[in-house]
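Novice: just the structure for this:
(one chain, ligands or ions: 1)
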Amino acid sequence: MESPHSLLVEHLSKSYPTATGPLQVLHDIGLELSAGDSLAIVGPSGSGKSTLLQILGTLDHPDDGTITIDGQDPFQLNDKDLAAFRNQKIGFIFQDHHLLPQLTVTENVLVAALAIGQPSAEQRERCESLLDAVSLADRRGHLPSELSGGERERVAIARALLMQPALILADEPTGNLDRRTADSVTELLLTLPSDFGVILITVTHSDALAAAMKKRRELEDGRLV
Ligand SMILES: Nc1ncnc2c1ncn2[C@@H]1O[C@H](COP(=O)(O)OP(=O)(O)OP(=O)(O)O)[C@@H](O)[C@H]1O
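Specialist: The predicted structure follows:
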């Protein structure tokens, strides 16, 4: 059996160049999480939450420090292998869902598989069961424009799970939703670590969402406290 998913972050730092010199955004960040964990990262606007999520998602490089996902440091990989690693190991859920408007619900959920060829029979089956899990099986042929905001977010959640990732990164997943819809998306997110064995990290300004996660860390002046 495969070993459970793991994430280790050590001594991560990041600065951005600005006209007045480098702006240090993350200082010596450390984190250790394993399958079934859920973590909310909170903090004021500009504290570096999105920057940290981008680096954990391997979409940006740190200046210093390492991240290790399932025993692999993704920044040691070349660009092609890094893209494949990201596609396999990391699922993203964004505030504005980022569904492709011309693709059906099914095609959007399958997009990570479509990106590397024809989805396998197993991936198609998994897509069907994920659409069941997010209660959208009867909308599989619809376009994103035919769905409500909460339904689109649920498609994004199913899409993030297709490749059986180690890590799900959610950036304000309830940010654009009304209270009731946000509550139902939060409820669904909460099932992911236990039902799918993933590590869930969400960046949020929502106290309700943050309180629902098992762990909570605050970014303050670029440090996790
Ligand atoms: N490409 C960039 N170049 C220069 N500075 C940047 C860049 N991206 C972000 N910053 C700065 O880094 C700091 C952290 O930004 P980041 O977006 O990570 O914060 P955040 O906590 O996610 O904020 P919010 O809650 O408003 O989304 C901010 O001061 C921002 O202005």
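Novice: from here on, just use CA atoms for contacts and neighbour counts.
Specialist: Will do.
Novice: spit out the contact partners of residue 142.
Specialist: Residue 142 is in contact with 104, 105, counting by C-alpha atoms under 8 Å, 6 or more residues apart in numbering.
Novice: make 9 the first number, not 1, from now on.
Specialist: Renumbered: residue one is now 9, and that last one reads residue 150.
Novice: for it, which three-state class applies?
Specialist: Of the three states, residue 150 takes coil according to DSSP: H, G, I helix; E, B strand; the rest coil.
Novice: check residue 99 too.
Specialist: strand.
Novice: contacts only, for the nearest residue to it once chain neighbours are set aside.
Specialist: Nearest residue to residue 99, sequence neighbours excluded (C-alpha to C-alpha, 6 or more residues apart in numbering): residue 168, at 4.1 Å. Counting by C-alpha under 8 Å, 6+ apart, residue 168 touches 98, 99, 100, 101, 117, 176.
Novice: 7 Å - rerun?
Specialist: Residues in contact with residue 168 (C-alpha atoms under 7 Å, 6 or more residues apart in numbering) are 99, 100, 101, 176.
Novice: from residue 136, how far off is the last one?
Specialist: Just to be clear, that refers to residue 176. Noted for residue 176: a distance of 20 Å to residue 136, by C-alpha to C-alpha, to the nearest Å.
Novice: got a list of what the most centrally placed residue in the chain touches?
Specialist: Residue closest to the average C-alpha location in the chain (C-alpha atoms, centre = their mean): residue 177, at 1.8 Å. By C-alpha under 7 Å, 6+ apart, residue 177 lies in contact with 61, 99, 100, 101, 208, 209, 210.
Novice: with just CA atoms, put the biggest helix by length in the chain into CSV.
Specialist: Ranked by residue count, the top helix of the chain under DSSP state H comes out as helix 187-204. C-alpha atoms of helix 187-204 as CSV (Å, rounded to 0.1, in the frame of the first residue of the first chain):
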residue,chain,number,x,y,z
ARG,A,187,-23.7,32.6,3.8
ARG,A,188,-25.8,29.5,3.2
THR,A,189,-23.9,28.4,0.1
ALA,A,190,-20.6,29.1,1.8
ASP,A,191,-21.7,26.9,4.7
SER,A,192,-22.5,24.0,2.4
VAL,A,193,-19.2,24.4,0.5
THR,A,194,-17.4,24.5,3.9
GLU,A,195,-19.2,21.3,4.9
LEU,A,196,-18.1,19.6,1.7
LEU,A,197,-14.5,20.8,2.1
LEU,A,198,-14.4,19.3,5.6
THR,A,199,-15.1,15.9,4.2
LEU,A,200,-12.0,15.9,1.9
PRO,A,201,-9.2,15.1,4.4
SER,A,202,-11.2,12.2,6.0
ASP,A,203,-12.9,10.8,2.9
PHE,A,204,-10.1,11.3,0.4
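Novice: nearest spatial neighbour of residue 167, chain-adjacent residues omitted?
Specialist: Residue 167 sits nearest to residue 117 (C-alpha to C-alpha, 6+ apart), 4.0 Å away.
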